[in-house]
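J.: Build me a model:
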Amino acid sequence: MSVLCPPTTYLPPIAKIASFSVTQLLDALTYLQSLYHPEVRGSRRKRVQAPVFNGEQNSRLRHEDDNELQVIRSDAFERSYSIRWLTALIAQLEVWQDLSHSGEASLDDLGKPEPTFTHAEMIVQQAASLLAICAGVAAAGMITRNFIFGSIDGQRRVEAQLTDIPLDNDDYRSVGAQTWGGACVLAEMIVEDPERFGLDFSPDDPKSRRLNVLELGAGTGLVSLAIMKLLDTLPSFNHREVSVVATDFHPSVLANLKSNINANVPSTHNQITSTHFITTHFLDWSSLSTAPPPNCLSYPFDVVFGADIIYEAQHAVWIRDCLKAHLRRPFDSTISPAAFHLVIPLRPTHTFESSTVESVFLKASDVDPNDDAVLVILSKESITCDAHGDAHGDYTRGQGLGEDVEYLYYRIGWSNARL
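T.: Residues are numbered from 1 along each chain as shown. As a prediction, the model looks like this:
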């Protein structure tokens with residue numbers, strides 16, 4: 001088991017920062033990033049080879065003792081020391097840069113090798129980001145993360161920055177205020193293979209229509225943002241209209257969702273005049289209104305997404321009723337059938353809740369395609385992720401610490417649709 005040291009022990013002494021190499025300084029920053037800016041737990045799929053990008057998602061320390069990590073992370077003195085250390089590092093780097101640019105001192109005079117100046121700007125940016133986290137939002141119970149997804153061949157890249165906020169007085173209904181591993185897994189899969197999720201389009205198609213996308217229980221908005229940013233990068237969608245509607249129901253979750261959307265997309269994406277636009281809206285599955293729906297929910301959706309949204313016994317039933325109202329029914333054999341893509345974790349404390357998916361939605365093979373259309377499970381896939389990362393969800397939703405995180409991915413659609 002790895003030994004986890006507090007910042008006061010691990011970091012180079014403040015008074016001697018100038019004597020440490022670039023490699024040592026980067027190692028120290030990577031350590032602080034793992035401590036105060038953790039990845040979402042259960043968000044790293046196990047596979048032979050994952051897409052590789054330069055960025056914080058690849059700078060991860062793996063600690064087997066998550067309890068010890070939480071103790072150090074919550075220690076006010078250690079956080080204060082980290083702030084002072086980062087401040088001193090930034091000041092020293094700025095001195096080196098100023099002297100180098102002014103020509104008042106040579107590299108030999110400073111005793112620093114060339115790589116220090118080559119990497120100085122990158123180190124300053126990373127240190128400044130960590131300083132803001134340690135001194136600001138993280139101290140207030142908030143955390144902001146950068147997410148990077150891409151295609152297997154590395155030709156496509158999507159980035160998003162999301163802020164998690166504390167639960168509303170420990171109200172379990174506000175769990176969407178934080179980013180969960182299921183959303184990370186689903187967003188990554190979508191960006192890697194858009195066609196698998198119905199996000200493909202031929203510009204020569206004479207029946208080109210607006211693509212309508214809905215996310216249920218959008219939470220912090222990661223999946224919806226990944227889709228919008230992905231479609232912006234695909235040439236086939238340059239002139240096709242796209243509408244993404246991210247929904248949730250808890251007031252604080254909705255407010256944070258809207259804030260994350262606004263922080264990540266150009267203002268034009270929120271305007272009806274744009275060919276690609278994204279909106280947020282209230283949607284309570286438990287009480288679908290009989291009144292006319294708002295404009296953004298008044299049309300049928302081609303693709304619906306849900307990540308980690310089954311954690312009560314009634315959820316699967318409510319979601320089925322919601323899909324009946326919003327998922328486009330088959331009407332034209334030349335158009336790809338609509339589908340609902342659902343990713344749920346298999347938590348030991350929520351085995352019954354997870355099982356309701358397969359009791360509410362039958363398998364396609366068990367339904368006569370000549371009968372009236374019903375929503376069925378078209379496919380099912382198991383996904384395994386490493387458990388390392390921020391453990392905030394483990395205490396509120398019962399996932400065991402230090403174990404792999406298992407997910408199920410369901411594709412659900414109408415029984416009489418062309419498959």
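J.: continuing past the lowest-mean-pLDDT helix or strand in the chain, what's the next helix or strand?
T.: Using mean pLDDT, DSSP states H and E, helix 392-397 stands out as the lowest-scoring helix or strand of the chain, at a mean of 39. Counting by DSSP states H and E, the element after helix 392-397 in chain order, helix or strand, is strand 405-414.
J.: does the closest residue to His37 other than its chain neighbours sit in a helix or strand, and which one?
T.: Leaving aside its chain neighbours, His37 sits nearest to Ile133 (5.4 Å; criterion: Cβ to Cβ, 6 or more residues apart in numbering). All C-beta spots, glycine's among them, are computed from the backbone N, C-alpha and C. Following DSSP H and E, one finds Ile133 within helix 114-135.
J.: That helix: what's the following helix or strand?
T.: strand 143-150.
J.: same for that following strand, what does it pack against?
T.: Contacts defined by 3 or more Cβ pairs under 8 Å, 6 or more residues apart in numbering; DSSP states H and E place strand 143-150 against strand 157-164, helix 181-192, helix 222-233.
J.: what pLDDT does Tyr325 get?
T.: Not quite, residue 325 is Ala, not Tyr. Turning to Ala325, the model gives it a pLDDT of 93.
J.: tell me the angle the helix or strand harbouring it makes with strand 405-414.
T.: Using DSSP H and E, Ala325 sits within helix 315-326. Per axes from the mean of the first three to the mean of the last three Cα atoms, to 10 degrees, the angle that helix 315-326 makes with strand 405-414 is 40 degrees.
J.: What residues of helix 315-326 count as buried?
T.: With burial defined by 16 or more other Cβ atoms under 10 Å, the residues of helix 315-326 counted as buried are His315, Ala316, Trp318, Ile319, Arg320, Cys322, Leu323, His326.
J.: How many residues are close by Ala339?
T.: By other Cβ atoms under 10 Å, 25 other residues sit near Ala339.
J.: Now do it against Trp414, distance only.
T.: For Ala339, the distance to Trp414 (Cβ to Cβ, to the nearest Å) stands at 9 Å.
J.: what do you get for His326?
T.: Taking Cβ to Cβ as the measure, His326 falls 13 Å from Trp414.
J.: before we move on, what about Phe237?
T.: On the measure of Cβ to Cβ, Phe237 and Trp414 end up 25 Å apart.
J.: again with Gly198
T.: On the measure of Cβ to Cβ, Gly198 and Trp414 end up 13 Å apart.
J.: Of these two, which one has the most company?
T.: The residue with more neighbours, out of Gly198 and Trp414, is Trp414; 24 against 20, by other Cβ under 10 Å.
J.: neighbours of the closest residue to the more buried one other than its chain neighbours, just the number please.
T.: Excluding the flanking residues, the one nearest Trp414 by Cβ to Cβ, 6+ apart is Ala373, at 4.5 Å. A total of 15 residues lie near Ala373 under the criterion other Cβ under 10 Å.
J.: Please, which helix or strand holds Ala373?
T.: Per DSSP H and E: nothing holds Ala373, as it lies in no helix or strand.
J.: Could I get the contacting residues of it?
T.: Going by Cβ atoms under 8 Å, 6 or more residues apart in numbering, Ala373 touches Arg329, Pro330, Trp414, Ser415, Asn416, Ala417.
J.: got the CA positions of the helix holding Ile133 in PDB?
T.: What follows is helix 114-135, C-alpha atoms only, in PDB (Å, rounded to 0.1, in the frame of the first residue of the first chain):
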ATOM      1  CA  GLU A 114      16.800  25.600 -19.700                       C
ATOM      2  CA  PRO A 115      13.700  23.400 -19.000                       C
ATOM      3  CA  THR A 116      12.800  25.600 -16.100                       C
ATOM      4  CA  PHE A 117      12.100  28.500 -18.400                       C
ATOM      5  CA  THR A 118      10.500  26.300 -21.000                       C
ATOM      6  CA  HIS A 119       8.000  25.000 -18.500                       C
ATOM      7  CA  ALA A 120       7.700  28.100 -16.300                       C
ATOM      8  CA  GLU A 121       4.400  29.300 -17.800                       C
ATOM      9  CA  MET A 122       2.800  25.900 -17.600                       C
ATOM     10  CA  ILE A 123       3.900  25.500 -14.000                       C
ATOM     11  CA  VAL A 124       2.600  29.000 -13.100                       C
ATOM     12  CA  GLN A 125      -0.800  28.300 -14.700                       C
ATOM     13  CA  GLN A 126      -1.200  25.000 -12.900                       C
ATOM     14  CA  ALA A 127      -0.100  26.400  -9.600                       C
ATOM     15  CA  ALA A 128      -2.400  29.400  -9.900                       C
ATOM     16  CA  SER A 129      -5.300  27.100 -10.700                       C
ATOM     17  CA  LEU A 130      -4.600  25.000  -7.600                       C
ATOM     18  CA  LEU A 131      -4.100  28.100  -5.500                       C
ATOM     19  CA  ALA A 132      -7.600  29.300  -6.500                       C
ATOM     20  CA  ILE A 133      -9.100  25.900  -5.600                       C
ATOM     21  CA  CYS A 134      -7.300  25.700  -2.200                       C
ATOM     22  CA  ALA A 135      -8.200  29.200  -1.200                       C
END
